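1. Return atomic coordinates for the entry below.
(one chain, ligands or ions: 1)
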Amino acid sequence: MIFEQLFDNKSSTYTYIISSGKGREALIIDPVIENTEDYINILKNLDLKLVKVIDTHIHADHISGLNELSKRTKCSKIMGEQSSSEVLDVRIKDNEKIKIENIELISIYTPGHTDCSYSFLMNDRVFTGDTLLINATGRTDFQSGSSYDAYDSLFNKLLKLPKKTLVYPAHDYNGKKYSTIENEKNNNPRLQVKSAEEYAEIMNNLYLDNPKMMDIAVPANIKGLTLD
Ligand SMILES: [Fe+2]
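-> This is a model prediction of the structure:
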């Protein structure tokens, strides 16, 4: 299997390129528009045909490369049915299969960071978007976020996955590339709570600044910005 984890320095975003092998079909999760040329080069070097692109949610901190990649490769654009993106080809629901050849991703609706946040389980690993980060969790104070929904997504969905499941988030700000469900359950400071109320108490008292790009990124990601 080809599994490339790419990092965008500006937004600390992780982008994933997945394929069953050289010369085969590929899928990209959470691309950043400025890095489109890099993705195209990697696809070319590995002789991959990009067939699907997924955004885990409407991002507020960077402009997605979803629409630009689709413009250049004709790949199909996928997000959850709750997404406000105007350029999607496929809107998935909870517990649907997304296939590229013999690779299968299962969608898990994990609202809370936003109301359109999805995670994707692929065998031994799960792409958690901003729902579950390494040693942190996604903020819940904008984009129709909800700390109670986030608690449910975390405790009743993601943390119920097998404990050895690898966690691949959409961001990391400390150089960590992946974690496991077990490690997050035991060590993630946000997850050491006994109730949804306790979790909401933490999340409602973070007082974070809005992301610098928010006013540009959210409308651009709804409209599906391309480079020209
Ligand atoms: Fe986000």
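2. what's the pLDDT at Asp228?
-> What the model reports for Asp228 is a pLDDT of 85.
3. again with Ser107
-> At Ser107, pLDDT is 98.
4. Now do the helices in this structure.
-> 36-45, 66-73, 147-156, 181-187, 196-203, 214-223 (DSSP state H).
5. what sits against Asp47?
-> Neighbouring residues of Asp47 by Cβ atoms under 8 Å, 6 or more residues apart in numbering: 22-23. To be clear about C-beta, it is placed using only N, CA and C from the backbone, and glycine gets the same treatment.
6. Tyr118 now?
-> For Tyr118, the contacting residues are 56-57, 79-80, 92, 107-110, 129, by Cβ under 8 Å, 6+ apart.
7. burial measure for His113, as a count.
-> Residues lying near His113 (other Cβ atoms under 10 Å) number 32.
8. That one against His57, yeah?
-> Yes. His113 lies in contact with His57 (Cβ atoms under 8 Å); the separation is 6.5 Å.
9. any shared contact partners between the two?
-> Common neighbours of His113 and His57 (Cβ under 8 Å, 6+ apart) are 129-130, 143.
10. Nearest to Thr13, out of the helices of the chain?
-> Nearest of the helices of the chain to Thr13, taken as Cβ to Cβ: helix 214-223 at 11.0 Å.
11. For that closest one, which outside residues touch it?
-> Under Cβ under 8 Å, 6+ apart, the answer for helix 214-223 is 55, 58-64, 66, 84-87, 142-143, 211.
12. tell me the mean pLDDT over that helix?
-> Here the average pLDDT along helix 214-223 is 97.
13. Now do that helix: distance to the chain's middle.
-> From the chain centre to the centre of helix 214-223 is a distance of 16 Å (Cα atoms, centre = their mean, to the nearest Å).
14. what comes up buried for it?
-> The neighbour-count check on helix 214-223 (16 or more other Cβ atoms under 10 Å) flags 217-218, 220-221 as buried.
15. Quick check, central residue of the protein?
-> Nearest to the geometric centre of the chain sits Gly129, at 2.8 Å (Cα atoms, centre = their mean).
16. and that residue, what are its bridge partners?
-> For Gly129, the beta-bridge partners under DSSP bridges are Pro169.
17. Just list the residues touching it, thanks.
-> Gly129 neighbours (Cβ under 8 Å, 6+ apart): 30, 56-57, 110, 113, 117-119, 138, 169-170.
18. Next, give me the two most distant ones among those residues.
-> Across the contacts of Gly129 (Cβ to Cβ), the longest gap, 14.2 Å, separates Asp30 and Thr110.
19. measure the nearest residue in space to Phe7 that is not next to it in sequence to Ser195 for me?
-> Nearest non-adjacent residue to Phe7, counting by Cβ to Cβ, 6 or more residues apart in numbering: Tyr14, 6.0 Å away. Look at Tyr14 and Ser195: by Cβ to Cβ, to the nearest Å, they are 31 Å apart.
20. More neighbours: which of these two?
-> Between Tyr14 and Ser195, counted using other Cβ under 10 Å, Tyr14 has the larger neighbour count: 21 against 10.
21. ok, the more buried one - contacts?
-> So Tyr14 contacts 5-8, 30, 168-172, 177 (Cβ under 8 Å, 6+ apart).
22. Phe179 bridge partners, please.
-> Let me fix one detail, which is that residue 179 is Ser and not Phe. Val167.
23. is it true that it touches Leu166?
-> Yes. The pair Ser179 / Leu166 is scored as a contact, 7.5 Å apart, by Cβ under 8 Å.
24. quick one: which of the two has more around it?
-> Neighbour count, other Cβ under 10 Å: between Ser179 and Leu166, Ser179 has more, with 21 against 17.
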